[in-house]
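Visitor: Fold the following, please.
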Amino acid sequence: MPTALDLIKRNPLFQQLSSEALETFIASGEARRIPAGGVLCQQGSPGDEVYLILEGRAVVRCARNPNEAPVDLIVLEPGETIGEMGFIEKGPRSATVLAESNLVVRAWQTEQLHLFCQQHPEIGYKLVSGIAQILCTRLRRTNLNVMILNKVLWGGA
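Guide: Below you'll find the model as predicted:
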């Protein structure tokens, strides 16, 4: 069975980091526990933290407006991150994240991450490069889903 460190190393955000750099970075975060059904972050709230799932599963849920029922977008597993967009743009959360099971995460304030990247520029560059890779992967997946939906709804128009 893979260890937490093995799971984390599979995440593109951390793949370029040495074990020593990874341990330095992980130690700079705050451990948190969210019970099953609890909210990790709420759509529309400030995107001021980045999370790394260490244990449990989280559901990413989004609604177009407050009067509409939310839609589950994806289930995240240990080793995956949440909140990368807030690190880059400091905008509001684009989705709500709920603990599907008891969740253990490491949390970093985005300002703390920016400071960490300034203090450790080599690690910071690799982290930002990893964030870009994650966001590109998610954008490609979203583009594919939009194309599929377009084809289903409009016959490929």
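
Visitor: Now the phi/psi pair for the most centrally placed residue in the chain, please.
Guide: Nearest to the mean C-alpha position of the chain, by Cα atoms, centre = their mean, lies residue 82 at 1.7 Å. Phi and psi for residue 82, reported as degrees, to the nearest 10, are phi -140, psi 140.

Visitor: Show me what counts as buried in the longest helix seen in the chain.
Guide: When the chain is parsed with DSSP state H, its longest helix is helix 121-154. Neighbour counts over helix 121-154 (16 or more other Cβ atoms under 10 Å) mark 123-124, 126-128, 130-131, 133-134 as buried. C-beta: built from backbone N, CA, C; applies to glycine.

Visitor: still on that earlier bit, where's the residue nearest to the centre of the chain relative to residue 94, distance?
Guide: Counting by Cβ to Cβ, to the nearest Å, the separation of residue 82 from residue 94 is 11 Å.

Visitor: just the buried residues of helix 121-154 now: which is nearest residue 36?
Guide: Top of the list for closeness to residue 36, among the buried residues of helix 121-154 and by Cβ to Cβ, is residue 134 at 25.3 Å.

Visitor: Report pLDDT for residue 2.
Guide: Looking at residue 2, its pLDDT is 63.
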